[in-house]
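>>> Could you work out the structure for the sequence below:
(2 chains)
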Protein chains: 2
Amino acid sequence: MTEYIFSDRIAGLKPSAVREILKSTSDPNVVSLAAGNPAPEAFPKEELKTIATKIFNEEPITALQYGITEGYAPLIELLKEYLKKRYNMGTENDELIITSGATQIMDLLTKVLCNEGDVVACENPSFIGSLNCFRSYNCKLLGIDIEEDGINVEQFEEKIKDCKVKFLYTIPNFQNPSGVTLSVEKRQKVYELAKKYDFLVLEDNPYGDLRVEGEDLPTIKSLDTEGRVIYAGTFSKLIAPGIRVGYVLAPKALISKMTVGKQTEDVHTPMFNQLLVYHFMKDYDIDEHINKMSQIYKKKRDLMLSLIDAHLGDKVTYVKPEGGMFVWCKLCNDIDMLTFCKEAVNRKVAVVPGTAFLTDENEKTNYIRLNFSTPTDDDMKKGIKILGDIANGR
Amino acid sequence: MTEYIFSDRIAGLKPSAVREILKSTSDPNVVSLAAGNPAPEAFPKEELKTIATKIFNEEPITALQYGITEGYAPLIELLKEYLKKRYNMGTENDELIITSGATQIMDLLTKVLCNEGDVVACENPSFIGSLNCFRSYNCKLLGIDIEEDGINVEQFEEKIKDCKVKFLYTIPNFQNPSGVTLSVEKRQKVYELAKKYDFLVLEDNPYGDLRVEGEDLPTIKSLDTEGRVIYAGTFSKLIAPGIRVGYVLAPKALISKMTVGKQTEDVHTPMFNQLLVYHFMKDYDIDEHINKMSQIYKKKRDLMLSLIDAHLGDKVTYVKPEGGMFVWCKLCNDIDMLTFCKEAVNRKVAVVPGTAFLTDENEKTNYIRLNFSTPTDDDMKKGIKILGDIANGR
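Residues are numbered from 1 along each chain as shown, chains lettered A, B, ... in the order given. Presented below is the predicted three-dimensional model:
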């Protein structure tokens, strides 16, 4: 048989630990607190069904024929208006294109900006999908620690004094996996550092619509006067992830190169899916939908926190997330994290070991990530009770 | 304003000339013979509408939730059976995953195999989207001339004697843009060369379902005993391109790395779109659908050829395509190709200059590509008549 010689960029890349765990937990007897899936009860199923019928009745050819790489023009216009109104962001210097989920944005930006060896600064821990994306271009990851109000900006400045950074990757709201939100002061500070040290900011906001308490904070993009911020948005939580529709608002010069990059990746995001999003945004009350989602997620988060407090109260610490899908729990020192995760799998509960999210996977950590958006209430009760048993040596 | 420094790989990459032409021809007064769109009247609109309703009624969560990167498992199984039955290809050494159109296959294979500077052999001319994809990884393109029965295999062997090739990219059926089909003998010869000179073959078969005369030829993949062939399939012509669903059948070791690459590009191909394809393949008679398509395409091809013969008979030569969507016309020597294309645009007819498809864009050619799948009969008549006027100096 033929032996294959792989490219340098891919040879060292491992499959996402989280996705591998998800695959192994397709066993219906396993309670999964490991997923990163939005709550299915929040999907606007009926609305989408109505829209799908309408699309096939009224504009089937638009939905089925090739489209342009930039995306469906009416959706682009609608989103630019929406983002202006909701977050006051987007200038004449900016443009917006539709992408195949937000993950493609990380990919395209890295593709157009980074040569091998270039440095991407990342919150440490961070979303493994994005970290692996940067790794797939042989970028170096510069990890910055996270505090209760987002990245440690002093440490960040210290580190970039000696190290030219291409861009900072940040998830400012209910970060994955830490659940923390970047404070307003730190958002301003991050933008100032970007100007001072001449780097760009990739602001990834998948969870912004999942706030369950407190007020929306201004986006970093809304502070952008110099064309330094790339804003990554997605409909994976607002509508549903299976449709794979995202969008990126960024300076025109970057968008134009990203469009060229997208042409050779998937030509364009599926037209039917773009029309689905367009009509949902246009024909329905988005604020009302966000309120409805917020109630579902609040109930789930509160249940998760009360269960953790009841069963793991003296064994873990965490920062209470104001939204999103995750609680990032630090196990107390007398528990070994990896042993704990393995024993959980043995007892048919899946959680993600914190190491999966580190910029340097050989680093040590005593954290685990728990997801509250996917499991049913019963599964959450069952799962956390078992974790409590393990933590208490029962 | 910020100045952006782009990566080496993207700095020199130009947007696809064809896509740019398509954008400029959104003018409804322009007759476009430049497109690469399948015939919209062949889309199974009613069937897809029925399936969409069924999906939203019966399995909305499967359609809307995240899926695994490999694709929807029942669709994968169904396709493996289908390909075995139809083309007798796929061994225990092979695996299949679902991709976001076939373009993603060119991207993923290049990503996992090629370092910068590696050589990809390509038919010359070839599909610009794929050529740009290879270019986006800074691969070198080794162009091999095309004859009436596919690439010139003697020239190919001559060239690879001194030049290590990573893989050959070939469109064996009704090639884009040349319309020619690789003969059975040459398919065997290509596979023998792959063994002798130790390279892989990327067999891209977007047009195989669009045969309007003659018999199906064996795929190169069906000859594959050593794990050397990667077969790229798509539903862009069999169903519709706007849904962006493709698939790749290839040796397991390659598929596993391509899956890792896909994780960081778009996580997975949209679930709804995969379900749409699955039910279409499962619930309907595919052979009957292919027959129906074949009748539509045959009528269009025959009309195009008769118009060319009538209006451009002594000004162009071409190889009659047995299927696909294109006629590749060589203008006679007293016509300058670029002047001809520009004059056509002036008279509101768009055609693609042959240079767009060359592995070396600075090469000269006197070819133009005409598309017969997208225009209406009336537009075809109008367009070719105008081209005839130009060619005859009227």
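>>> Please parse chain A into its domains.
Domains of chain A are assigned by automatic domain parsing as A:8-44+A:288-391, A:67-285.
>>> tell me the most buried of those domains?
Of all those, domain A:67-285 has the most neighbours on average by mean count of other C-beta atoms under 10 Å in any protein chain shown, namely a mean of 21. (C-beta placed from N, C-alpha, C; glycine too.)
>>> Check the separation of the first and last residues in that one.
One end of domain A:67-285 sits 27 Å from the other (C-alpha to C-alpha, to the nearest Å).
>>> Just the local confidence number for residue A:16, please.
On pLDDT, residue A:16 comes in at 60.
>>> what does the one 10 residues further on give?
The predicted local distance difference test score for residue A:26 is 66.
>>> mind checking which of the domains of chain A is nearest residue B:291?
Each of those has some distance to residue B:291 by C-beta to C-beta; the shortest is domain A:67-285, at 25.5 Å.
>>> what's the average pLDDT for the closest one?
Confidence for domain A:67-285, expressed as mean pLDDT, is 97.
>>> now stretch A:374-387
Mean per-residue pLDDT for stretch A:374-387: 97.
>>> and if you look at stretch A:32-48?
95.
>>> is that stretch up against chain B anywhere?
Yes. Stretch A:32-48 is in contact with chain B by C-beta under 8 Å from any C-beta of the partner chain, via A:36-38, A:40, A:43, A:45, A:48.
>>> would CSV of those residues with secondary structure be doable?
Formatted as CSV, those follow (DSSP: H, G, I helix; E, B strand; the rest coil):
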residue, secondary structure
A:36, coil
A:37, coil
A:38, coil
A:40, helix
A:43, coil
A:45, helix
A:48, helix
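>>> so which pair among those is furthest apart in space?
The span of the residues of stretch A:32-48 next to chain B, defined through C-beta to C-beta, is set by A:36 and A:48 at 21.3 Å.
>>> Walking through the stretch 151-300 of chain A, point out its strands one by one.
Using DSSP state E, counting those that start in this stretch, the strands of the stretch 151-300 of chain A run over residues A:167-170, A:200-204, A:229-234, A:246-251.
>>> Am I right that residue A:368 is in contact with residue A:357?
No. If you go by C-beta atoms under 8 Å, residue A:368 and residue A:357 don't touch, sitting 10.3 Å apart.
>>> quick one, helices of the stretch 201-350 of chain A?
Here the stretch 201-350 of chain A has its helices, by DSSP state H, counting those that start in this stretch, at A:252-263, A:271-283, A:286-312, A:337-346.
>>> Turn those helices into TSV, including distance to chain B.
As requested, those are exported to TSV (distance: least, C-beta to the nearest C-beta, whole Å):
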stretch	distance to chain B
helix A:252-263	5
helix A:271-283	4
helix A:286-312	14
helix A:337-346	19
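>>> Residue B:209 is nearest to which of these?
Residue B:209 lies closest to helix A:271-283 among these, at 20.4 Å (C-beta to C-beta).
>>> Remind me what that closest one packs against, helices and strands.
Helices and strands touching helix A:271-283, by 3 or more C-beta pairs under 8 Å, 6 or more residues apart in numbering or on different chains; DSSP states H and E, are helix A:45-58, helix A:60-64, helix A:73-87, helix B:271-283.
>>> what does the stretch 151-300 of chain A put close to chain B?
By C-beta under 8 Å from any C-beta, the residues of the stretch 151-300 of chain A that approach chain B are A:198, A:200, A:226-228, A:236, A:240-244, A:251, A:253-254, A:257, A:259-261, A:263-273.
>>> how does it look with 6 Å?
By the rule C-beta under 6 Å from any C-beta of the partner chain, the part of the stretch 151-300 of chain A lying against chain B is A:226-228, A:240-244, A:253, A:257, A:260, A:263-267, A:270-271, A:273.
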